[in-house]
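Trainee: Please find the sequence and the predicted model below.
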Amino acid sequence: ILLSYFGEFLEGLEENNLKIGVWSGNIKVENVRLRKDAFNRFSLPISLVHSRVQSLRTHIPWKDLSNSPCEVVLDGIYVVLSLKDDS
């Protein structure tokens with residue numbers, strides 16, 4: 001399930017670069033790229049040319065979900081954008 005959800009946004013996502021601690025709420029993904037169509041849903045005047053994400057970490061506090069924040073941390077992100085061509 002997680003692979004399909006993250007797969008909407010990330011390329012290069014495989015089981016060998018994904019570490020999941022389901023009960024701890026920790027997920028870490030390393031050395032992936034953003035999908036070129038990741039920004040399309042926002043109707044922005046930009047296109048993604050190239051990207052690299054060194055690591056993406058999430059923490060979901062299952063035991064205290066109503067009182068503690070969920071965290072998403074991107075580290076080592078490199079993005080090249082261009083303006084969309086209107087023609």
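Mentor: Thanks, I have it.
Trainee: which regions of this protein sit below the pLDDT cut-off?
Mentor: Where the chain drops to pLDDT under 70, the residues are 1-3, 86-87.
Trainee: Please tell me how far Pro69 sits from Val49.
Mentor: The spacing between Pro69 and Val49, counted by C-beta to C-beta, to the nearest Å, is 33 Å. Every C-beta, even on glycine, is put in place using the N, C-alpha and C of the backbone.
Trainee: what's the answer for Glu71, then?
Mentor: In this view, Glu71 and Val49 are 29 Å apart by C-beta to C-beta.
Trainee: Could you do Lys63 as well?
Mentor: Separation of Lys63 from Val49 (C-beta to C-beta) stands at 42 Å.
Trainee: Please apply the same query to Lys84.
Mentor: From Lys84 across to Val49, the span is 11 Å (C-beta to C-beta).
Trainee: what's the answer for Asp75, then?
Mentor: Look at Asp75 and Val49: by C-beta to C-beta, they are 21 Å apart.
Trainee: now the nearest residue to Val49 once chain neighbours are set aside: how far from Ile27?
Mentor: Spatial nearest neighbour of Val49, chain neighbours left out: Val80 (4.3 Å); criterion: C-beta to C-beta, 6 or more residues apart in numbering. Separation of Val80 from Ile27 (C-beta to C-beta): 26 Å.
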